[in-house]
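Student: Predicted coordinates and the sequence they were generated for:
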Amino acid sequence: AQSVTQLGSHVSVSEGALVLLRCNYSSSVPPYLFWYVQYPNQGLQLLLKYTSAATLVKGINGFEAEFKKSETSFHLTKPSAHMSDAAEYFCAVRPSYNFNKFYFGSGTKLNVKP
Amino acid sequence: DGGITQSPKYLFRKEGQNVTLSCEQNLNHDAMYWYRQDPGQGLRLIYYSQIVNDFQKGDIAEGYSVSREKKESFPLTVTSAQKNPTAFYLCASSPSGTESNYGYTFGSGTRLTVV
């Protein structure tokens, strides 16, 4: 079965600092990979996705993620954190052999300190 | 603009009562999904439907029921058999088939509380 691991349920950074949120997946076949952001009491919004094109994917709000097959990772980064980035972030996997299901990580709450 | 509408935003349920959460989409998506979200547990799949009049159980279907009579609508009923229904419920949709690299579009959620 597919699984997604997000290291760190809470991450705290200072405004202007680098944001790094980690995601690892388990699959022998590279899946489709996604990052979503959720603000309090709202649904999830797509930040970016990897679909076997370029390994470095740029998304909205200055975020980007790099797919590393050898490490089975898809970490999310942003060079300079902004207060408005405070939210919960979810990594998700959609197996290439079963497009009917997504597998979500347990989420990482990002806190941005002034 | 196209999107997914969930209603109500907040819902209160008494013990032993069934309640229905609404999910409507105008994106012409074939597939629709219901997820439950609890703090620290991420999203867990309740039910999903790929076509009208067909649906499958997800990982935590017990105590829930769904219907898919129209492409646009996928209501979720939380029955009295669900012993711990207090949670945030999210509906999502996506194209299916060859567009499998498409992500989900989510609704804004319904927060259900047992009183």
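Tutor: Everything's here; your move. Residues are numbered from 1 along each chain as shown, chains lettered A, B, ... in the order given.

Student: Would you mind naming what in chain B lies close to chain A?
Tutor: Counting by CB under 8 Å from any CB of the partner chain, chain B comes close to chain A at B:4, B:6, B:9, B:31, B:33, B:40-43, B:45, B:48, B:50, B:56, B:88, B:90, B:92, B:96-97, B:100-101, B:103-109, B:111. C-betas here are computed from N, CA, C, even on glycine.

Student: Can you select the buried ones among those residues for me in PyMOL?
Tutor: Only the buried entries of these go into this PyMOL selection, using 16 or more other CB atoms under 10 Å in any protein chain shown:
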select buried, chain B and resi 4+6+31+33+42+43+45+48+50+88+90+92+100+101+103+104+105+106+107+108+109
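
Student: Show me where chain A dips below the pLDDT cut-off.
Tutor: For chain A, applying pLDDT under 70 flags the ranges A:1-2, A:28-29, A:98-100.

Student: all helices of it, in order?
Tutor: For chain A, helices defined by DSSP state H do not occur.

Student: quick one: residue B:96 and residue B:33 touch, right?
Tutor: No: assessed by CB atoms under 8 Å, residue B:96 is found out of contact with residue B:33, at 11.1 Å.

Student: Go through the residues of chain B next to chain A and flag which are in strands.
Tutor: B:4, B:6, B:31, B:33, B:43, B:45, B:48, B:50, B:56, B:88, B:90, B:92, B:105-106, B:111 (DSSP state E).

Student: how many other residues sit next to residue A:31?
Tutor: 26 (other CB atoms under 10 Å in any protein chain shown).

Student: so how far is residue B:56 from it?
Tutor: 20 Å (CB to CB, to the nearest Å).

Student: Does residue A:5 touch residue A:107 like I think?
Tutor: No: judged on CB under 8 Å, residue A:5 makes no contact with residue A:107 at a distance of 11.4 Å.

Student: Look at the two and report which has more neighbours.
Tutor: Each of residue A:5 and residue A:107 has its neighbours counted (other CB under 10 Å); residue A:107 has more, 23 against 14.
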